[in-house]
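In: Let me see the structure of the following:
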Amino acid sequence: QAPLVESGGGLVQAGGSLRLSCVASGSTFSTRVMGWFRQAPGKEREFVAAISWSGGPTSYADSVKGRFTISRDNAKNTVYLQMDSLKPEDTAVYYCAARPSGATVILTTTQGYGYWGQGTQVTVSS
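Out: Predicted structure coming up:
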């Protein structure tokens with residue numbers, strides 16, 4: 001098990017910034033690809049960003065490229081999502097997710113992630 005706990009969500013005006021954090025318990029965090037997904041009301045959960053276990057390769061959805069940055073600190077069992085230039089359409093519940101330990105491929109679909117946090121609400125006002 002890799003329980004994940006997100007924090008950092010909130011209400012922000014368009015153009016503002018937020019940084020989400022996700023802390024994982026257990027000793028296998030450094031061997032897991034980590035991802036962020038989001039789900040807006042009435043919509044399916046969608047990929048936002050993912051990062052390799054080493055923190056090197058990353059992947060972003062086209063809608064957030066150049067505005068969001070994913071990073072991780074394996075010493076703290078934490079993955080971050082820095083969100084800048086926020087837009088109202090970024091409003092959603094944001095979820096942290098982990099791939100199975102040892103899986104090295106960065107995936108952009110929910111099916112590739114077996115562990116999920118409870119989510120944190122991000123609301124961007126216009």
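In: Excluding chain neighbours, give the residue nearest to Tyr94 in space.
Out: Computed as Cβ to Cβ, 6 or more residues apart in numbering, the closest residue to Tyr94 that is not its neighbour in sequence is Arg38, at 4.8 Å. Every C-beta, even on glycine, is put in place using the N, C-alpha and C of the backbone.
In: Report the next helix or strand after the strand or helix carrying the one you found in sequence order.
Out: Assigned by DSSP states H and E, Arg38 belongs to strand 34-39. Helices and strands here follow DSSP H and E; after strand 34-39, the next one along the chain is strand 46-51.
In: Tell me which residues are up against that next one.
Out: 33-39, 57-61, 64, 68-72, 79, 81, 94, 106-110 (Cβ atoms under 8 Å, 6 or more residues apart in numbering).
In: neighbours of Arg32, just the number please.
Out: 28 (other Cβ atoms under 10 Å).
In: Quick check: it touching Ala98?
Out: Yes - when contacts are counted by Cβ atoms under 8 Å, Arg32 is listed as touching Ala98 (4.7 Å).
In: So in terms of bridging, what pairs with the residue nearest the centre of the chain?
Out: With distances taken as Cα atoms, centre = their mean, Trp36 lies nearest the centre of the chain, 2.1 Å away. Counting by DSSP bridges, Trp36 is bridged to Ala49, Cys96.
In: Enumerate every residue touching it.
Out: 20, 22, 48-50, 70, 79, 81, 94-97.
In: shaky segments in this protein?
Out: 1-2 (pLDDT under 70).
In: all strands of the protein, in order?
Out: 4-7, 10-13, 18-24, 34-39, 46-51, 58-60, 68-73, 78-83, 92-98, 115-116, 120-125 (DSSP state E).
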